[in-house]
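Kindly return the folded structure for what I paste below:
(one chain, ligands or ions: 2)
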Amino acid sequence: MTADNVSKFAGIYVAMYSAYDAKGIVDKERVKRLARYYASSGVKGLYVGGSSGEGMLQSAEERKQVLEAVLEEVRGELAVIVHVGASSTRESMDLCIHAQQVGADAVSSVPSVYYRLSEKAVENHWQHMIDSTNLPFIIYNIPQTTGFNLSFDLCKRLAQQEKVIGVKMSGESTFELEQFKEAGGDDFLVFNGPDEQFLAGRIMGADGGIGGTYGVMPELFCKLDAYFREGRFEEALQLQHTVNRFIKKLLGYPSLYGACKYILNLRGIETGEPRLPLLPVLPEHHESLVQLNEDIRAASLNYLS
Ligand SMILES: CC(=O)N[C@H](C=O)[C@@H](O)[C@H](O)[C@H](O)CO
Ligand SMILES: CC(=O)C(=O)O
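Numbering: from 1, shown residues only. Ligands and ions are numbered 1, 2, ... in the order given. I've put the predicted structure just below:
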């Protein structure tokens, strides 16, 4: 990993939702409109097909369609990292090869889920993906959903490879986050996962963040990152408090993604409902989401003026 790569990839990435039509079928035009919405928000890039993107709930064919739509819209304008994690190594490799063919900037993956795998098995799973293309690879560590926590030693071993450029750390320990930076060295990128502690992650060494709630407030996260870079920590903390009030509310709905998608809908960006088993919001939630959308809008205007 070179310093060039660091400057190419460090920054704020929206973990993008997928867009479906009213029947729940992937809608490429809607995906494009959503990608376009972020292109003017100041973010560095998009993380496609991750937790928020519901990649794990889609067929490989659908995942390819979503990625193609995103790239057709913002290729060269935004950095596009695509999550290729799947249960079988074979499917992940297929998604990696596709990502390279269509021009994604990097691939990323969680461990295989469902089976309880040894560290050796997870390493081998990731290595097959790394070897299947020339693309940079970003480890996705999210122990609270996968049950597998990346160790310092495995991080260090993987980071020695040129193609392994970073880790998305969605575990909540900022100590472990700091240790991944230590394991990988200066040129190894660490992305903060938990949006609620973005500032803490940045202070402990993260080079940027990849987050789902950024999708409804990208400008606020870009501003928070700017405050951090400028050393304006008190203002950064105040802004983190502000976004956390919004995140806390978002987490109170039947599903976080359903709430975020409804807010996007209020802004004229239709993405359909989250895919089951993730629950949509109900009519009784609409009024409070209209209010939340207005509050986010007011905060964005306030911070950007
Ligand atoms: C567990 C999970 O999905 N974490 C996401 C990414 O790492 C975050 O972006 C959260 O969605 C966000 O911090 C809200 O809790
Ligand atoms: C939230 C997040 O980072 C993801 O969608 O993977």
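
how many neighbours does the closest residue to residue 9 other than its chain neighbours have?
Once flanking residues are discounted, residue 9 sits nearest to residue 189: 5.7 Å by C-beta to C-beta, 6 or more residues apart in numbering. Heads up, the C-betas are built off the backbone N, CA and C, glycines and all. Using other C-beta atoms under 10 Å, residue 189 has 27 neighbouring residues.

what are the phi and psi values for residue 189?
phi -90, psi 140 (degrees, to the nearest 10).

my guess is it contacts residue 168, does it?
No - counting by C-beta atoms under 8 Å, residue 168 is not a contact partner of residue 189; they are 9.0 Å apart.

hang on, the earlier thing: separation between the residue nearest to residue 9 and residue 229?
15 Å (C-beta to C-beta, to the nearest Å).

sorry, back to before: now do the shared contacts for residue 189 and residue 168.
residue 138 (C-beta atoms under 8 Å, 6 or more residues apart in numbering).

Point out the residues in the stretch 201-305 of the chain that sit beside ligand 1.
Within the stretch 201-305 of the chain, the positions near ligand 1 by C-beta under 6 Å from any ligand atom are 211, 212, 213, 247, 251, 256.

three-state assignment of whichever residue of the stretch 1-150 of the chain sits closest to ligand 2?
Of all residues in the stretch 1-150 of the chain, residue 50 sits closest to ligand 2, at 2.5 Å by C-beta to the nearest ligand atom. Three-state secondary structure (criterion: DSSP: H, G, I helix; E, B strand; the rest coil) places residue 50 in coil.

what about it, how many residues close to it?
Neighbour count for residue 50, taken as other C-beta under 10 Å: 30.

phi, psi of the closest residue to it other than its chain neighbours?
Closest residue to residue 50 apart from its sequence neighbours, by C-beta to C-beta, 6+ apart: residue 83 at 4.1 Å. Backbone dihedrals for residue 83, given as degrees, to the nearest 10, come out at phi -80, psi 130.

pretty sure residue 83 contacts residue 52?
No - with contact defined as C-beta under 8 Å, residue 83 does not count as touching residue 52 (9.6 Å).

ok, those two, which is more surrounded?
Higher neighbour count among residue 83 and residue 52: residue 83, with 28 against 25, using other C-beta under 10 Å.

residues contacting that one?
47, 48, 49, 50, 53, 55, 107, 108, 109, 110, 140.

Looking at the residues of the stretch 201-305 of the chain next to ligand 1, state which has the most neighbours.
residue 211 (28 neighbours).

What's the per-residue pLDDT of the nearest residue to it once chain neighbours are set aside here?
Leaving aside its sequence neighbours, residue 211 sits nearest to residue 195 (C-beta to C-beta, 6+ apart; 4.0 Å). Reading off the confidence values, residue 195 has pLDDT 98.

Thanks a lot, catch you later.
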